[in-house]
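Engineer: model the structure of this input:
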Amino acid sequence: MLALRLKPEATDEYWKYWDMYHKFLGYALLALISVNIFQGIAILKPDHTWKWAYIGVLGALAAITLAFQIRTWVKFLQSSKKEKKKKKDNNKSAAQARTGGGPPNGGGLPLGGGGHPGGGGGGEGLPS
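Structural biologist: Numbers count the residues shown, from 1 in each chain. As a prediction, this is how the structure comes out:
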């Protein structure tokens, strides 16, 4: 309950440190719990099937966890690539706007409707 009260907002600058601490503590507790269960199995001295069944369950959970971690990292890396590309495109368009790059604002090729240069207003750039 104390962790819920002390949890920083996602916009706080020390959020990443809290997140690392939280994950480390969670993984450390999972390791301690596993060791504790192995010690309990050793104290009770049941058949070896209990020990191997527990090893199988731990292996399955570890495989699922590994799959989820890989999926999370792939998703994270893809999103960071998209963000970098988007930021690069935004920077490029901002640089063009600052330097005057892009299409001309005037003095370019006529787009029609100018009429004959001598006057007469023939429309669509055709002589009258």
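Engineer: quick check, distance from the helix or strand hosting residue 70 to the centre of its chain.
Structural biologist: Assigned by DSSP states H and E, residue 70 falls within helix 48-99. Its chain's average C-alpha position is 8 Å from that of helix 48-99, according to CA atoms, centre = their mean, to the nearest Å.
Engineer: helices or strands up against that helix?
Structural biologist: helix 15-44 (3 or more CB pairs under 8 Å, 6 or more residues apart in numbering; DSSP states H and E). In this view, the C-beta of every residue, glycine as well, is placed from N, C-alpha and C.
Engineer: measure residue 68 to residue 61 for me?
Structural biologist: Shown here: residue 68 relative to residue 61, a distance of 11 Å by CB to CB, to the nearest Å.
Engineer: again, but for residue 89
Structural biologist: Residue 89 is 42 Å from residue 61, by CB to CB.
Engineer: quick one: pLDDT of residue 111?
Structural biologist: Confidence at residue 111, expressed as pLDDT, is 59.
Engineer: kindly apply the preceding question to residue 128 instead.
Structural biologist: Residue 128 is assigned 49 on the pLDDT scale.
Engineer: residue 119 now?
Structural biologist: Residue 119 carries a pLDDT value of 56.
Engineer: what do you get for residue 5?
Structural biologist: Residue 5 carries a pLDDT score of 72 in this model.
Engineer: list the contacts of it.
Structural biologist: Applying CB atoms under 8 Å, 6 or more residues apart in numbering to residue 5 gives no contacts.
Engineer: element containing it, please.
Structural biologist: Using DSSP H and E, residue 5 falls within helix 2-6.
Engineer: quick one: that helix to chain centroid distance?
Structural biologist: Chain-centre distance of helix 2-6: 26 Å, with CA atoms, centre = their mean.
Engineer: can I get the CA coordinates of that helix in CSV?
Structural biologist: Presented in CSV, the C-alpha positions along helix 2-6 are these (Å, rounded to 0.1, in the frame of the first residue of the first chain):
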residue,chain,number,x,y,z
LEU,A,2,2.9,2.3,0.7
ALA,A,3,4.1,1.8,-2.9
LEU,A,4,0.8,3.1,-4.2
ARG,A,5,1.2,6.3,-2.2
LEU,A,6,4.8,6.9,-3.1
